[in-house]
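J.: Quick one, what's the 3D model for this:
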Amino acid sequence: MFEDITSYSGGERFLRVGAHSHVKGLGLEGLKARPIGDGLVGQIEAREAAGIIVRMIKEGKMAGRAVLFAGPPGTGKTAIACAIARELGKDVPFVSLSGSEIYSSELKKTEILTQVMRKAIGVRLRERRRVYEGEIVQLEIKTRRHPYNPYQEIPDHVVIGLATKDDRKIFRAGATIASYMLSQGIAVGDVITIDAETGRVTRVGRSEEAAEKYDIAAVDEKPVPRPGGPVEKEKEFVYVLTLHDLDQISAQSRSGGLFSLLFGAPPTREIDNEIRRDVDEMVKKRIEEGTAEIIPGVLFIDEVHLLDIEAFSFLNDAMESELAPIIILATNRGMTKIRGTDMVSPHGIPLDLLDRMLIITTRPYTRDEVKKILEIRATEEMVRLSLNAIEKLTDIGEQSTLRYAVQLLTPSQIIARENGREEITPEDVEKAVKLFSDVRRSVQEADKWKDKYMY
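T.: Got it, this is the predicted structure:
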């Protein structure tokens, strides 16, 4: 799943629009779906069923279950899965995986599935630490000669003056803090935080007063206000990590040693189960202490029929774990073989696993729904369409696929601009259709020139 990412480079705005960046939620009022809402169109029954799933997740009643979206291609299965994650909250991890990806890595299939499941479980950690926080009003870094190189100077200590709206303090700190400040280019007028236990310095930003008085504000940096209260204080820090992040941190701390220090050996890609057990115990202990909170995320596996019997067995067992994410699967297959066997099963999934799933079906869109989705995507991609062009694209969406019609938006816009227009006309769409084939025309071309293709 992609998000809109806005940045500035050389004064120009850059916007990346993802396939489902227009989806903001399920578009529900209570448990009733609006015909058009939060970027979703139609699929009323599927969205209302998804709303019930969200309620079950929030009430902690989805343990040991999974959700399966089954429907033809291009009927909104991935969009509704994204909407479920949006409904659960902004900190909820959403991990998307295609069924074929477990075969395209050097890692074992079960290791890939374990990692993506743990990436889909967030942990909100809270820590209270004693810190020094304020705007730098005085900064003097003293140096001394390097003990082994008389021509090089190294930091010896630093004199720092910090001020808040209510307090001011000047103190002397050692070489470690001086080195941190030099490495980050910290200067008078910056707002910083110094951890009293570790000495780590964090630059919060340029203070508003200093930015107004001395600087032209940087394009990519917004000035921050001077903090209030005392300079020395206890402050709560909140970090949101995933279980996989904690696994990696723990694995790297254990796999250190002389070799990795000297030669920079990369961390192992596979993580030992003992490390994961220790991380789980640490998280459970922090939860009992009230300094951590689990955020169950969503693991979305598309094309789930491409998993094999071994992967299905692993998922069946993993769903029973105490620390399991919400597993949402999607498929566009009907009766087909379970990969790795000769058994035919609905959606290519073993019956014992299917029996533990809540199955939500999606249906093809109507003409009006196709038209509305195209209008939403055109707005999201900042594409202007004439009335005749939107009708032309709707015809294409009905005759071919909705995805093909959506993909023609940007090529049609480029063709229109080349002809000196901002608004797309049916002629621009027709030109794009001639240049870019849909699946049906591509197959026809392949059949026409089959004697020329390699076998």
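J.: just checking, R356 touches M319?
T.: Yes: here R356 reaches M319: they are 6.9 Å apart, a contact under CB atoms under 8 Å. Glycine gets a C-beta too; all of them are placed from N, C-alpha and C.
J.: Those two: which is more packed in?
T.: The neighbour count for R356 versus M319, taken as other CB atoms under 10 Å, is higher for M319 (19 against 14).
J.: so what's the more buried one up against?
T.: The neighbours of M319, taking CB atoms under 8 Å, 6 or more residues apart in numbering as the test, are 64-66, 327, 356.
J.: now do T362
T.: T362 makes contact with 43, 46, 69-72, 75-77, 80 under the criterion CB under 8 Å, 6+ apart.
J.: quick one: W449 from L387, how far?
T.: In this view, W449 and L387 are 38 Å apart by CB to CB, to the nearest Å.
J.: where's the lengthiest helix in the chain relative to the chain centroid, distance-wise?
T.: Across the chain, the helix with the greatest residue count (assigned by DSSP state H) is helix 273-289. How far helix 273-289 lies from its chain's middle: 24 Å, per CA atoms, centre = their mean, to the nearest Å.
J.: okay, it in CSV with CA atoms only?
T.: Provided in CSV are the C-alpha atoms of helix 273-289 (Å, rounded to 0.1, in the frame of the first residue of the first chain):
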residue,chain,number,x,y,z
ASN,A,273,13.5,-18.6,17.2
GLU,A,274,15.2,-18.2,20.6
ILE,A,275,15.7,-14.5,19.9
ARG,A,276,12.0,-14.2,19.0
ARG,A,277,11.0,-15.9,22.2
ASP,A,278,13.1,-13.5,24.2
VAL,A,279,11.6,-10.5,22.4
ASP,A,280,8.1,-11.9,23.1
GLU,A,281,8.9,-12.3,26.8
MET,A,282,10.3,-8.8,27.0
VAL,A,283,7.2,-7.3,25.3
LYS,A,284,4.9,-9.2,27.7
LYS,A,285,6.9,-8.0,30.7
ARG,A,286,6.7,-4.4,29.5
ILE,A,287,2.9,-4.8,28.9
GLU,A,288,2.5,-6.1,32.5
GLU,A,289,4.5,-3.1,33.7
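J.: Starting from the next helix or strand after it, tell me which strands it pairs with and how they run.
T.: Counting by DSSP states H and E, the next helix or strand C-terminal to helix 273-289 is strand 292-296. Take DSSP bridges as the rule and strand 292-296 pairs in its sheet with strand 121-145 (antiparallel).
J.: follow-up on the earlier one: in TSV: the contacts of M319, plus distance to H305, secondary structure and pLDDT.
T.: Shown next, in TSV, are these (distance: CB to CB, whole Å; DSSP: H, G, I helix; E, B strand; the rest coil; pLDDT from 0 to 100):
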residue	distance to H305	secondary structure	pLDDT
G64	22	coil	65
R65	19	coil	74
A66	14	strand	83
I327	15	strand	85
R356	17	coil	82
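J.: Next up, phi/psi of the residue nearest to K142 when sequence neighbours are not counted, please.
T.: Excluding the flanking residues, the one nearest K142 by CB to CB, 6 or more residues apart in numbering is D156, at 4.9 Å. Main-chain torsions, D156, degrees, to the nearest 10: phi -110, psi -50.
J.: thought D156 was touching R145?
T.: No: applying CB under 8 Å, one finds D156 not in contact with R145, separated by 9.4 Å.
J.: Can you give me the domain boundaries for this structure?
T.: 5-120+297-361, 126-237, 240-289, 367-448 (automatic domain parsing).
J.: Worst mean pLDDT among the ones you listed?
T.: Note on the domains of the chain: domain 240-289 shows the lowest mean pLDDT, a mean of 70.
J.: where along the stretch 1-150 of the chain do the helices fall?
T.: 44-58, 77-88, 109-119 (DSSP state H, counting those that start in this stretch).
J.: Could you identify which of those helices is most buried?
T.: When you average the neighbours per residue for each of those (mean count of other CB atoms under 10 Å), helix 77-88 leads with a mean of 24.
J.: Residues touching that one, excluding its own?
T.: By CB under 8 Å, 6+ apart, helix 77-88 touches 1, 19-20, 23-27, 38-40, 43, 46-47, 50-51, 53-54, 57-58, 69-71, 92, 94, 96, 297-298, 300, 302, 326, 328, 330, 332, 360, 362.
J.: can I get the CA coordinates of that helix in CSV?
T.: What follows is helix 77-88, C-alpha atoms only, in CSV (Å, rounded to 0.1, in the frame of the first residue of the first chain):
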residue,chain,number,x,y,z
LYS,A,77,-10.5,-6.7,-2.7
THR,A,78,-7.2,-4.9,-1.9
ALA,A,79,-8.9,-1.5,-1.6
ILE,A,80,-11.3,-2.9,1.1
ALA,A,81,-8.3,-4.5,2.9
CYS,A,82,-6.5,-1.1,3.0
ALA,A,83,-9.7,0.5,4.2
ILE,A,84,-9.9,-1.9,7.2
ALA,A,85,-6.3,-0.9,8.2
ARG,A,86,-7.3,2.8,7.9
GLU,A,87,-10.3,2.3,10.1
LEU,A,88,-8.2,0.6,12.8
